[in-house]
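Chemist: Any chance you could fold what I've pasted below:
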Amino acid sequence: GDAPAYAGGTTASSGTNSEAVHTRDVDPDGRGKADLTRPVRLPARNWKCPWPEQAEPLGIDEQIVVLQAVVKANGDVASVQVLADPGYGFGEAARACALDARFQPAQDRTGAVFAATSPPIRVRFTR
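Modeler: Numbering: from 1, shown residues only. Below you'll find the predicted structure:
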């Protein structure tokens, strides 16, 4: 084809499309609709979680916690699992932030929302 970009990322000589794809809206199964699949997402890139009291006396100014959230179809958080916790209250503070957050829920290929687990989320604490 002569498109400026190739939606889907791969072009093969065995392809069957007779026309160039000029959009990122790909129809992977030929049924005339774009695939709207997307994972759970955060609406904001940065959270401002409060610095844990237990960490006040430490001589550090930054810390990172990694967690995952199970997000309901309405965007509310059902549960949070801390995957990497440096201690001193950071894990629990990140968990509390996540429980208060509202997410964009996952979507299936038709755009219908459903409950799903987020990819790992890095929560960065700075003071």
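Chemist: all contacts plus neighbour counts: C-alpha atoms, from now on.
Modeler: OK.
Chemist: Could I get the full set of helices for the protein?
Modeler: 90-100 (DSSP state H).
Chemist: how about low-confidence regions in it?
Modeler: 1-32 (pLDDT under 70).
Chemist: and if we set it to 90?
Modeler: Across the chain, residues meeting the criterion (pLDDT under 90) sit at 1-35, 42-48, 127.
Chemist: can you give me the strands for it?
Modeler: In the chain, the strands defined using DSSP state E lie at 62-71, 77-84, 106-107, 113-114, 116-117, 121-126.
Chemist: what separates the one residue sitting closest to the centre of the chain from residue 52, distance-wise?
Modeler: Per CA atoms, centre = their mean, the C-alpha nearest to the average position across the chain is that of residue 41, at 3.5 Å. Residue 41 sits 25 Å away from residue 52 when distances are taken as CA to CA, to the nearest Å.
Chemist: burial count for residue 48?
Modeler: The tally of other residues near residue 48 (other CA atoms under 10 Å) stands at 11.
Chemist: Pull the contacting residues for it.
Modeler: Under the criterion of CA atoms under 8 Å, 6 or more residues apart in numbering, the neighbours of residue 48 are residue 125.
Chemist: what are the phi and psi angles of it?
Modeler: phi -110, psi 80 (degrees, to the nearest 10).
Chemist: and the gap between it and residue 62?
Modeler: On the measure of CA to CA, residue 48 and residue 62 end up 12 Å apart.
Chemist: Quick check: neighbours shared by the two?
Modeler: Taking CA under 8 Å, 6+ apart as the criterion, residue 48 and residue 62 both touch residue 125.
Chemist: Residue 51 is in contact with residue 125, isn't it?
Modeler: Yes - here residue 51 reaches residue 125: they are 6.7 Å apart, a contact under CA atoms under 8 Å.
Chemist: and of the strands of the chain, who's closest to residue 37?
Modeler: strand 106-107 (5.1 Å; CA to CA).
Chemist: roughly how far is that closest one from the heart of the chain?
Modeler: 10 Å (CA atoms, centre = their mean, to the nearest Å).
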